[in-house]
Every structure is written in structure tokens, then in C-alpha cells.
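Engineer: Got a predicted structure plus its sequence, pasted below:
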Amino acid sequence: MNDKENYSNILVNALVNLGDVVLITSAIALLKKAYPKSKITVLVKPAVCQAVENNPVIDDVIVFNYRPKQNSISQTFRILKDIKKRRFDLNISFDRKLRPALMCWLANIPIRIGPDRVFEDKRNYVTWFYTKVIPIRCDLYNTLQAEIYQDIVRGFTGIKEHSKPVFSRIMPENEQNAKKLLDELPEAEKYIALCVKGTHPMKTWPREYFVELVDTLNKYYNTSFFIVGAQNDIVYADKVIELMHTSVANFCGRTSLIDLAALMKKSDLLVTVDTGAAHIAATTEIPMVVVYGCTSPKRWHPINKNAYVFSSYEHCLPPNCLGRKCPSNPKPNCLWRVKPEAVLEQCKKLLG
């Protein structure tokens, strides 16, 4: 292992989406074990900063409104100036993005670490800005993404351990916010959360299937249902609710990320598509069922012993997925072949 005394001020590049940031915290937990006296600062997008603020394995956060197709020179120089002023002695990149790698090079961080690949097999010139490139030897498409992130830390530090994602601390005010939302629902024996919309259409399980699942569960249990999601999920969630024959509340846009975790802790089951909220929920160990479309649970399975996944495991999953040009559109096989009957049986097992 590298000398622990050499690195006391570490910058982690994590300019990725919510689910990935949650998974990256498992690698940061390993980094903290390797360098327990170090201060770890994470570079993230504004939308995900709650996932790393007040986090047990993270000491500080730099928020960078990074948009790959927009070149904000003034903002980039502002962040560069901030990074340079902090005098980091180690930089680890989990995002393999050019702009943060360039900023760390310009800031003269002496040791800059990054993988040769992390999201896809394609290699690019961002590695020119690393002082050490960590080879990732596993099969990217059949290995848990959290393990890929941890391999970067293991490859650099020599640490052999594995870790789980670590989410931000749930505070009393988050518990209170969650309780207020649940108090709006009819009193029930079981409280079931639904996350019905993915960040990509090919991740979104059909509305009709959610309706069938909820209606059938309602026959078996004394249950209150609610949908969680971001602000821009409100309209879609309302359209799903319109099709329901069972009362379902729309909590989209009404929770912070920490409130969401608190809400999951107070719920009995989550039925969700593959989304960042699923990885947040997994840190609470809530019983959960995750339906996958164009992504594979072999890579994106929530790290939660109480999580069960459903996928039709099509031959055209990544790296071969054609996305919106899927030949089986308008009813993609990966979504429509995961039937509500199978999901129902697993829900019943989890609910008891």
C-alpha cells in the first residue's frame, strides 16, 4: 500500500449522475480506510451535492455546475482557482471527464490517478492528464459498477477490502419531513413506495404494468401507496395515477435526497425502475424490487441484501443496446417482457 502519510488532502472527481455518486461513496469509504487521517473533498454537480454533504466518509464538497456541451470559461476558472488554492496532494478521478482532469493538471496536483476505462471499453486521451493510470481488468458489463469504482482505489492503494455505499446522515428534520408526508396518506398496515419513471424512456416500466401491480397488491393488503421522484417527474406520475383504480399519492418533487432516504426507512416496500433513487433507497436496506429495462442488474444491482431484481436479460443489453432506435419499439422487449405477475409474487414474499 502507498505510504498513508503522503496523502493528507485528497480531491475526488465525481461529476456524474446521482446513482453513480452514491456508488462512488463505496470507493471513497475504501479511500478513507487507506488514508484515515486524510481530508477528502469531492467535486460534484449541484443536483447531487446532498448525497455527499454531511456524509461520514467525506469532509468537504466543491460544487461545479458541469455541463459537457456548455463551455463556461468563467465558472471553470473559478473552480480551477479554488482547487489550486486548496493545495491538494492527490486527485482521483472516477468520472474520466476531460475538463476536471485538465483543471487538476493546471492546478499542479502532484499525483493524479484515473482508470483506463470505467463506463465503456473505449479509451480516450483524458488519461494523458493522469500521473498514474489504473488498469480495470474486469468485464465492465457484467461487474457491479460499485466494484469498478472500488477497483480504482484498490489498484492505487493496494487495499484488498470491499465496501458498501455510504449515504449522507439522516437528521431529525428529515425524519420529521418524512413523517409529515406519510401522515397525509390513509392509515394502513403497509406503506409502499413506487418510483415509476427512469431518466431514459428505455428504463421506464409500462404504466399499465404498474397499474396492474398496485391494483392486485391492494386486494391482498391494507396498503397506502405513494410515488417518489424528482420535480420533473410530477406530470408523468400524475398520468400514471390517472390510470390507477387505487388511491396513490404523488410525492414527486416534495423530498430532498435526505428526506427520500428517511421516507424509505419508514416504508415497507419500494417498487422501482433503475434510477438513482433506487441506490439511495438501497442504503436504508428497505425491501425493494427493481425492474430493469435497457440496463443490466449484473452491473447496476442495488447493494442491499433486501433488493430483488427483474430483467428479461435481452441479448441486446449494453454494449449492444440501440436505445430509442430499438427494433422492438414501440414496445421494447426489455420492458414489456418483465411481467407484473412475477413482480407481484416477489412483492408478496417481501411483504409477508
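Structural biologist: Perfect, thanks for sending it.

Engineer: From Thr295, how far out is Pro332?
Structural biologist: Note on Pro332: its distance to Thr295, by C-beta to C-beta, to the nearest Å, is 12 Å. For glycine as for every other residue, the C-beta is placed from the backbone atoms N, C-alpha and C.

Engineer: Walking through the stretch 201-350 of the chain, point out its helices one by one.
Structural biologist: With DSSP state H, counting those that start in this stretch as the criterion, the stretch 201-350 of the chain has helices at 207-220, 234-243, 257-265, 276-282, 297-300, 333-336, 340-351.

Engineer: Would you mind finding the most buried of the ones you listed?
Structural biologist: helix 276-282 (a mean of 27; mean count of other C-beta atoms under 10 Å).

Engineer: Now it: average pLDDT?
Structural biologist: Taken as a whole, helix 276-282 has a mean pLDDT of 96.

Engineer: Identify the residues contacting that helix?
Structural biologist: By C-beta atoms under 8 Å, 6 or more residues apart in numbering, the surrounding residues in contact with helix 276-282 are 17-19, 21-23, 48, 51, 165, 167, 193, 195, 199, 228-229, 257, 260-261, 264, 270, 272, 288, 290, 302-304, 307.

Engineer: In strands, which of the residues you listed appear?
Structural biologist: Of the positions in these, Ala193, Cys195, Leu270, Thr272, Met288, Val290, Ala307 sit in strands, assigned by DSSP state E.

Engineer: Quick one: distance of the lowest-mean-pLDDT helix or strand in the chain to the chain centre.
Structural biologist: When each helix and strand of the chain is scored by mean pLDDT, DSSP states H and E, helix 73-86 comes last, with a mean of 91. With C-alpha atoms, centre = their mean, to the nearest Å as the basis, helix 73-86 stands 27 Å off its chain's centre.

Engineer: Begin at 8, not 1, for the rest of this chat.
Structural biologist: Okay, using 8 as the starting number, the last item reads as helix 80-93.

Engineer: If you count contacts, what does it end up packed against?
Structural biologist: Counting contacts by 3 or more C-beta pairs under 8 Å, 6 or more residues apart in numbering; DSSP states H and E, helix 80-93 packs against strand 16-20, strand 46-51, strand 67-70, helix 105-113.

Engineer: average pLDDT across the one helix or strand Ala153 maps to?
Structural biologist: In this structure, Ala153 sits in helix 152-164 according to DSSP states H and E. Mean per-residue pLDDT for helix 152-164: 97.

Engineer: what's the following helix or strand after it?
Structural biologist: helix 179-190.

Engineer: What angle do helix 264-272 and that following helix make with each other?
Structural biologist: Here the directions of helix 179-190 and helix 264-272 differ by 50 degrees (axes from the mean of the first three to the mean of the last three C-alpha atoms, to 10 degrees).

Engineer: domain parsing for the chain?
Structural biologist: In the domain annotation for the chain, the residue ranges read 11-164, 179-358 (automatic domain parsing).

Engineer: Looking at Pro339 and Thr302, which one has more neighbours?
Structural biologist: In terms of neighbours (other C-beta atoms under 10 Å), Pro339 is the more surrounded of Pro339 and Thr302; the figures are 24 against 20.

Engineer: Verify the stated contact: that one with Lys210.
Structural biologist: No - using C-beta atoms under 8 Å, Pro339 makes no contact with Lys210, being 10.2 Å away.

Engineer: tell me, what's touching the two both at once?
Structural biologist: Jointly contacting Pro339 and Lys210 under the rule C-beta under 8 Å, 6+ apart are Gly300, Cys301.

Engineer: Report how many residues lie close to Asp102.
Structural biologist: Using other C-beta under 10 Å, Asp102 has 24 other residues around it.

Engineer: buried set for the least confident helix or strand of the chain?
Structural biologist: Buried positions in helix 80-93, judged by neighbour count with 16 or more other C-beta atoms under 10 Å: Thr83, Ile86, Leu87, Ile90.

Engineer: What is the nearest of the residues you listed to Pro122?
Structural biologist: Nearest to Pro122, judged by C-beta to C-beta, of these is Ile90 at 20.4 Å.

Engineer: so that closest one touches Ile69, yeah?
Structural biologist: Yes - using C-beta under 8 Å, Ile90 is in contact with Ile69, at 7.2 Å.

Engineer: ok, now how distant is the spatially most distant residue from the centre of the chain from Pro63?
Structural biologist: Relative to the centre of the chain, the most outlying C-alpha is that of Lys226, 32.5 Å out, by C-alpha atoms, centre = their mean. Distance, Lys226 to Pro63, using C-beta to C-beta: 42 Å.

Engineer: quick one on the thing from earlier: how about the helices of the stretch 208-357 of the chain in CSV, adding distance to Arg103?
Structural biologist: Converted to CSV, the helices of the stretch 208-357 of the chain look like this (distance: least, C-beta to C-beta, whole Å):
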stretch, distance to Arg103
helix 214-227, 35
helix 241-250, 31
helix 264-272, 24
helix 283-289, 19
helix 304-307, 16
helix 340-343, 27
helix 347-358, 35
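
Engineer: how about those helices, which one is nearest Lys186?
Structural biologist: When these are compared by C-beta to C-beta, helix 264-272 sits nearest Lys186, at 8.4 Å.
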